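# Prediction below, plus the sequence it came from.
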Amino acid sequence: MIQSRLFDYDPLTGITRIWHWDTDTETATIETKQPVDDVFDHNKHLYNQNKRQTPYGDMERMATIPMALYYDLARKGILYDQKALKRWLNDRDNLVFRTRPGVV
């Protein structure tokens with residue numbers, strides 16, 4: 001049986017953390033949720049405004065990633081591995097995070 005309780009809520013980011021306790025295995029997990037519809041809408045707007053197909057330059061926004069996903073990418077090591085991050089950003093499944101067209 002799993003028991004769940006609100007662990008934390010940040011009204012600024014909308015991030016909610018829920019603490020789950022599995023009484024059978026006596027293990028705890030913390031689930032992180034963050035609403036992302038506004039991020040997706042903003043990214044789509046920026047993507048559609050920017051039609052440039054030129055190579056990316058230094059300090060140019062290529063994506064907006066919600067904080068909950070940012071920490072997940074960091075935990076998996078993708079965030080700190082330039083090749084892995086480029087592969088992740090160029091994956092069509094992650095297009096909703098991109099703010100401009102082209103290949104990273």
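Great, that's in hand.

# for the chain, what are the low-confidence residue spans?
Scanning the chain for pLDDT under 70 picks out 51-58.

# Which residue of it lies farthest from its centroid?
Most distant from the centre of the chain: Asp24, at 31.4 Å, with distances by CA atoms, centre = their mean.

# contacting residues for Leu79?
With contacts defined as CB atoms under 8 Å, 6 or more residues apart in numbering, Leu79 is in contact with 70, 73, 85. In this view, the C-beta of every residue, glycine as well, is placed from N, C-alpha and C.

# The residue farthest from the centre of the chain and Met1, how far apart?
Going from Asp24 to Met1 by CB to CB, to the nearest Å gives 7 Å.

# for Gln34, same thing?
Distance from Gln34 to Met1, by CB to CB: 27 Å.

# So for those two, which residue has more residues nearby?
Taking other CB atoms under 10 Å, Gln34 and Met1 do not tie; Gln34 has more neighbours (17 against 6).

# I'd guessed the more buried one sits against Ala68; true?
Yes. Contact criterion CB atoms under 8 Å: Gln34 and Ala68 qualify, at 4.0 Å.

# Quick check: neighbours shared by those two?
Common contact partners of Gln34 and Ala68 (CB under 8 Å, 6+ apart): Ile15.
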